[in-house]
Structure formats: C-alpha cells, structure tokens
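Asks: have a look at this fold, sequence not included:
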DNA sequence: TAAATAGTGTCTCTTAGACAGTATATG
DNA sequence: CATATACTGTCTAAGAGACACTATTTA
C-alpha cells in the first residue's frame, strides 16, 4: 500500500506500526482513577500498560481509541470524552518493533469497571503517575504523568471537568471533580460563585438532587453549558 | 520488521507510513509568518503544504521534525524551538496511501528565509489560517489554524514567546511578539509590569539596546528566565 | 435538637487596566 | 525644539479568597 509513496524505496525509511494507547480516567469515591491492563506481549510480563490497539487500515485514530476502550470495558460512546494527548515515537520504545503510539486521554462520566475476562485494574491516577518506570510496560510510565498533567491543566481553562460527571450534576459534584484532580480543597462558596459567573460553563437544570446520607440541603441541578474554553479560567494557585 | 508484532497477521491491520509536518513560524516586521512549501507529490500541484518528511527507522519524531526544517532552510538547532502539536491520521488524508502525520509547531528566533532551490514561501500566519481548504495540500488546511491557535493559547501560560526572539531582547520586542501573535495592541507600561512581576519569565541582562531610527530611550536587555509555565499567566481578554 | 451540605452576603487584598508623568534617545 | 520609545507612579474597578450567615436536609 505504501509503495506508491515516492520515498518508499529510500533506504532507512519503512513503515512503522501505528498504535493508540488510552489513559482512561474517572472519578470514584472522590478520587481520580486510571484504568490499566496487562499487555498481551510476553516480554512485558509483570508490568501494567494503558489499553492500546493497533490502528486498522480504514479506521481513524479516534475510532481506534474508542475501540481500545470499549473492547476492554463496555463503555458506550456518549459516556466517554476522548481527547488526543500526544504521540510517542522513540525508536526503541517497543522492544519488538518500531511502534509509533498516539496517546489519548479518555474521561468517563461513570466509574471504570475492571473486566473479569481481560486482566485489568483501576488505580489512583496520582499514585500511578509516581510509579517507578519498571512497573509499566513500554514507555507508559512517561505517558501516565503526561496525561494527568494535561487533565490538571485543562481543568483550568476548559469545561473538561463536566466530562467526568453524569448529567445533570450538582455544583458540589463538580467541585469534587476539581478537588480530586488537583488534590486540593476548595471553598464551596467561592467555587460556586466562580462557576456560575463564568459564561457558558454550566446552565441551571430543573429540580434538585436529593440530599446524601449525611443530610444537607438539596442541591440544584446543572447541565454543561455550551462553552469549551472558560473565560475567565478556573485558576488554581501555586 | 513489524512481523514480530503479534497482530501483524490480523486482517485489516498493516503498517502505515509515518510522517512529520512542521508549522514553522517567526516574527518578521511585527507580523507572525509561516513557512510553506510546494509538495513533491504531483497530485497536489498548485497547493501549498507544510514542510514534511517521513520518519526514518532509527529516528525520533523530534529529529524528523528538525530534519524537515533544516533541509528546507539552513536553520540550526538552538534558534528553533520544536513542540509537538497533534497527530493527524484520517484514513483518506493522503490520497496515495495511509499516512499518519505528527504535526509540529516550530518557533524560530529569526525571520524565516525562503530557499531558492526548493520552492518555498513565507506568508502571514493569520492569513494562511483563513485560506480555503483547496489552497493547501492534504489536510494541511486543518493543521495551520490548529498551530496558530495553539501558539496563541500557549503565549498565555508559557514563556513560549521568548522562543520567537533572539537573546537578549527588550521588553518592547517581547511585547511586539504578543501583539503580532494575538493581533492586539498592549499597553507598554502594564505589559512591562506584568512580565517583570511574573517569576522566572525574564531576567535582566547587562547593558541596553540602542534606540531605533525613530529615537526613544534605549531599552534594557533581558534574557529568558528559567520558567516554562507562567504564574500568573499573561491573560488576554476577550 | 446537632451536624451536614447548599447557597448568599460581605469584607479585604491583590491585580489589571487606564493614563499621567518622567527619562533618554533621534532628527 | 518636537517626537518617539522606555520606564515609573497612581488611581480605579474587578476578581479571588476568607469567612459569617441563612436555608434545608438527615439522624
């Protein structure tokens, strides 16, 4: 197929295997979690990897990412937001062959469920990002911190946090997303004011959510607003 | 080479050609410019493309990007900052074959010089980003606006602007970068205060730069500070 | 009742922007 | 001298954070 490309016959240029790896994250019990799986590759035994698949001939990269995820967990499309992270292509990143991998960030609105058939696990994202390199297969020890940092940064200036919640949601739930991802405590009053005053971030929905088991006033429900970029941003201090 | 991968024999999966395309930008006469070239591919005659090269077997993606650039203009390494933009991999983006392309953003400290031998041109980045699709080869009409928007966004929260200047520079020059990229006018006094008060953005250098032909007090020189991310950010209003 | 969560009001401190004023160059 | 650019000072308005206070639930 690639032989029609004019430099197909040049020495030192052949085709690479192209794969997609997905860093799938969700909120569970107030913590940000990451889905990991055991790679099929025997040379990587005892290590964890991000779910990955090779790109098929007729398939877009986004479609490969969705397939990598849905073959592992039964995730349907609307519950997951996929966003390209970056591409990893060091020549030796896979010992078997040259594999260029496009990494994706996937944000699920519901907790990730490890599948019984495939060997998968769900771990705290911040812990996995700090694991030593040899607990991961390939170069996935580099991808995981990149994914976490990208998510942390994007929460500031985009409405991405709403992708980690089912709709409608309360502002308390939205605040727990920020607290879980940034690992901070936020003032509920100031958080609310900031969210509501940022145009297009959320819009009020009908009704209220019931109180939790510890009581408390029922919270109003909100939907995501139309905005993807937030102005002003939800800045975290440092 | 890829036959050692376990799904090499699966139907619908073969290797893709992998290429790198570079959106190289620089400041020239107070405007942000973009380097374009005519593709070798005859099927794309009459269209402009970003400089691109296929990735060699033993070559990192960054190295390919640098090669794509330096084969076209005589750019040496320290004068150019390369940053991965995103990867474009729609199955039909290249009519000849499946080509997955990793796009890079390249920021040059000096104006880009079109080479005489290869057919290249330098255009205003904002104009190219608005060109109709058929003036570009492949899907490069999508890459150019992405690159411009990425640069505009990154000027806010990173020190990337200094990559578009030779060191040392004056704060007037740095302001010109922001004005060119964002297409706004900034108050010199407030800009200065913001830059100087942002930790790690710039550090004072020795001496002053001579006045321009229109006079004016000589400006102090500055170098880039160590910071890559800016806190607080240089926010543009909207 | 107390405790918990939602939501409002208000004060203070910081910062961004407008813009006046000073410093030092060219012509 | 006028003009241009660099740089400083200062006022004002908006926003962020701290935190008191009210509202509505569970136990």
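Replies: All right, it came through fine. These numbers come from a predicted model, not from an experiment.

Asks: what residues does stretch A:30-45 touch?
Replies: Contact with stretch A:30-45 is made by A:23-27, A:47-52, A:72-73, A:95-96, A:111-112, A:114, A:118-126, A:128, A:137-138, A:144, A:147-148, A:151, A:176, A:179-181, B:6, as judged by CB atoms under 8 Å, 6 or more residues apart in numbering or on different chains. The way it works is simple: take the backbone N, C-alpha and C, and place the C-beta from them, glycine included.

Asks: show the end-to-end separation of that stretch, please.
Replies: Stretch A:30-45 has an end-to-end distance of 31 Å (CA to CA, to the nearest Å).

Asks: quick check: mean pLDDT of the longest helix anywhere in chain A?
Replies: Longest helix of chain A, by residue count under DSSP state H: helix A:140-157. For helix A:140-157, the mean per-residue pLDDT is 97.

Asks: which strands and helices lie in contact with that helix?
Replies: strand A:17-28, strand A:31-37, strand A:80-88, strand A:99-108, helix A:125-130, helix A:171-182 (3 or more CB pairs under 8 Å, 6 or more residues apart in numbering or on different chains; DSSP states H and E).

Asks: got CSV for these, with distance to residue B:56 and mean neighbour count too?
Replies: Formatted as CSV, the helices and strands packed on helix A:140-157 follow (distance: least, CB to CB, whole Å; neighbours: other CB atoms under 10 Å in any protein chain shown):
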stretch, distance to residue B:56, mean neighbour count
strand A:17-28, 15, 25
strand A:31-37, 31, 23
strand A:80-88, 16, 20
strand A:99-108, 12, 25
helix A:125-130, 32, 19
helix A:171-182, 39, 19
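
Asks: quick check: phi and psi at the closest residue to chain B within chain A.
Replies: Nearest to chain B, among the residues of chain A, is residue A:15, at 3.5 Å (CB to the nearest CB). Per-residue torsions, residue A:15: phi -80, psi 150 (degrees, to the nearest 10).

Asks: could you count how many residues lie near it?
Replies: 26 (other CB atoms under 10 Å in any protein chain shown).

Asks: touching, it and residue B:13? I think so.
Replies: No. Residue A:15 lies out of contact with residue B:13 (CB atoms under 8 Å); the separation is 11.8 Å.

Asks: ok, the nearest residue to the residue of chain A closest to chain B once chain neighbours are set aside to residue A:14 distance?
Replies: In space, and not counting its chain neighbours, residue A:15 is closest to residue B:15: 3.5 Å by CB to CB, 6 or more residues apart in numbering or on different chains. Relative to residue A:14, residue B:15 is positioned 8 Å away (criterion: CB to CB, to the nearest Å).

Asks: walk me through the domains of chain A.
Replies: A:16-139, A:157-224 (automatic domain parsing).

Asks: of those domains, which stretch is the most buried?
Replies: domain A:16-139 (a mean of 19; mean count of other CB atoms under 10 Å in any protein chain shown).

Asks: briefly note if it comes near DNA strand C.
Replies: No. Domain A:16-139 stays clear of DNA strand C (CB under 7 Å from any atom of the strand), getting no nearer than 10.5 Å.

Asks: between its first and last residues, how far does that domain reach?
Replies: Its first and final residues considered, domain A:16-139 spans 17 Å by CA to CA.

Asks: ok, now which ones touch residue A:52?
Replies: A:19-22, A:39, A:68, A:101.

Asks: so what pLDDT did it get?
Replies: On the pLDDT scale, residue A:52 gets 96.

Asks: tell me the bridge partners for it.
Replies: On the basis of DSSP bridges, residue A:52 is bridged to residue A:21.

Asks: rewinding a little: which one of the helices and strands packed on helix A:140-157 lies nearest to DNA strand D?
Replies: helix A:171-182 (11.1 Å; CB to the nearest atom of the strand).

Asks: and the helix or strand just after that closest one, how far from the chain's centre?
Replies: Heading C-terminal from helix A:171-182, the first helix or strand you meet, by DSSP states H and E, is helix A:188-197. A distance of 25 Å separates the centroid of the chain from that of helix A:188-197, by CA atoms, centre = their mean, to the nearest Å.

Asks: stretch A:204-220 too?
Replies: Centre-to-centre, stretch A:204-220 and its host chain are 28 Å apart (CA atoms, centre = their mean).

Asks: what average pLDDT does it get?
Replies: For stretch A:204-220, the per-residue pLDDT averages 95.

Asks: repeat for stretch A:102-119
Replies: 90.

Asks: what do you get for stretch A:20-34?
Replies: Mean predicted lDDT for stretch A:20-34 stands at 97.

Asks: contacting residues for the nearest residue to residue A:154 once chain neighbours are set aside?
Replies: Spatial nearest neighbour of residue A:154, excluding adjacent residues (CB to CB, 6+ apart): residue A:160 at 4.8 Å. Neighbouring residues of residue A:160 by CB under 8 Å, 6+ apart: A:81, A:83, A:107, A:151, A:154.

Asks: quick check, nearest of the residues you listed to residue A:224?
Replies: For the contacts of residue A:160, the closest approach to residue A:224 (CB to CB) belongs to residue A:81, at 10.7 Å.

Asks: quick one, phi psi at the spatially closest residue to the closest one that is not a sequence neighbour?
Replies: Sequence neighbours aside, residue A:163 is the residue nearest to residue A:81 in space, at 3.9 Å (criterion: CB to CB, 6+ apart). In this entry, residue A:163 is assigned phi and psi values of phi -70, psi -20 (degrees, to the nearest 10).

Asks: state the pLDDT value of residue A:163.
Replies: pLDDT at residue A:163 comes out at 97.

Asks: residues from chain A in reach of DNA strand D?
Replies: Contact residues, chain A versus DNA strand D (CB under 7 Å from any atom of the strand): A:187, A:189-190, A:193-194, A:197, A:210-211, A:213-218, A:232, A:235, A:237.

Asks: repeat that with 10 Å
Replies: By the rule CB under 10 Å from any atom of the strand, the part of chain A lying against DNA strand D is A:184-194, A:197-198, A:208, A:210-219, A:230-238.

Asks: ok, and which of these reach DNA strand C?
Replies: Near DNA strand C, by the rule CB under 10 Å from any atom of the strand, you find A:187-193, A:208, A:211-219, A:232, A:237 out of those.

Asks: contact partners for the residue nearest to residue A:26 when sequence neighbours are not counted?
Replies: In space, residue A:26 comes closest to residue A:108 once its chain neighbours are excluded; the distance is 4.0 Å by CB to CB, 6+ apart. If a contact means CB under 8 Å, 6+ apart, then residue A:108 has A:24-26, A:75, A:79-80, A:164 as its contacts.

Asks: output those in CSV; the columns should cover distance to residue B:91.
Replies: Conversion of these to CSV gives the following (distance: CB to CB, whole Å):
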residue, distance to residue B:91
A:24, 24
A:25, 28
A:26, 30
A:75, 23
A:79, 26
A:80, 22
A:164, 31
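
Asks: quick check, nearest of those to residue B:225?
Replies: residue A:25 (32.8 Å).

Asks: return the residues in contact with that closest one.
Replies: By CB under 8 Å, 6+ apart, the residues touching residue A:25 are A:32-35, A:105-108, A:112, A:125, A:147, A:151, A:164.
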